[in-house]
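[1] no FASTA, just this:
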């Protein structure tokens, strides 16, 4: 029975995206804490002085423009359930290994960062998803994360990043983020 329910939820999330939590079904069935959702996935930008975007001292953007497409992330803090869907994540500039507007492929991880406000804390607790494959800018993940208590205690400080595989052979890109959750709502 649990397998049938899990399969149903995966299909429902892929179809409904962030709409599922609004129905109330998922809240009662899967959550005992706040729900954090992002209604889109935005690509990284390079700042005018060529400084890459950064979250705390550990999470740095790759330094290349990416453009977000459709996508959403929903995190149930009580149970650690994470639903992520990316669609159409593309190059935002023209590069030798990727033409402008083309969706990119590879192995990535989703990262949930707790206590992300540097003025308030010197610690950055985070948890990664298992490796996720993006194919031409599209991919998804559904699973349970072992969330640090800080995510449950202060969900308004949570950040979601999509990062290159930390084990990537190219150390210039390994672990650097290419996109982030935007349009966050905590309820």
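    Nice, thanks for sending it over. Note that this is a predicted model, so its numbers are computed, not measured.
[2] So what's the residue count around the closest residue to residue 101 other than its chain neighbours?
    Leaving aside its sequence neighbours, residue 101 sits nearest to residue 90 (CB to CB, 6 or more residues apart in numbering; 5.4 Å). For glycine as for every other residue, the C-beta is placed from the backbone atoms N, C-alpha and C. Neighbour count for residue 90, taken as other CB atoms under 10 Å: 19.
[3] Provide a list of residues in contact with residue 90.
    Residues counted as contacts of residue 90 (CB atoms under 8 Å, 6 or more residues apart in numbering) are 43, 66-67, 69, 101-104, 137.
[4] Return the members of those residues classed as buried.
    43, 66-67, 69, 103-104, 137 (16 or more other CB atoms under 10 Å).
[5] out of the residues you listed, which one sits closest to residue 96?
    The closest of those to residue 96 turns out to be residue 104 (CB to CB; 13.1 Å).
[6] Would you check that the closest one makes contact with residue 98?
    Yes. Under the criterion of CB atoms under 8 Å, residue 104 makes contact with residue 98 at 5.7 Å.
[7] which residues are in contact with both of the two?
    Contact criterion CB under 8 Å, 6+ apart; residues shared by residue 104 and residue 98: residue 91.
[8] wait, residue 150 sits on residue 117?
    No. Taking contacts as CB under 8 Å, residue 150 lies outside contact range of residue 117: 11.2 Å.
[9] neighbour count winner among these two?
    Set residue 150 next to residue 117 and count neighbours by other CB under 10 Å: residue 150 wins out with 19 against 13.
[10] Distance of the more buried one relative to residue 109?
    Per CB to CB, to the nearest Å, residue 150 is found 19 Å from residue 109.
[11] on that earlier part again, quick check: which of the buried ones among the contacts of residue 90 has the minimum pLDDT.
    Among the buried ones among the contacts of residue 90, residue 69 carries the weakest pLDDT, at 77.
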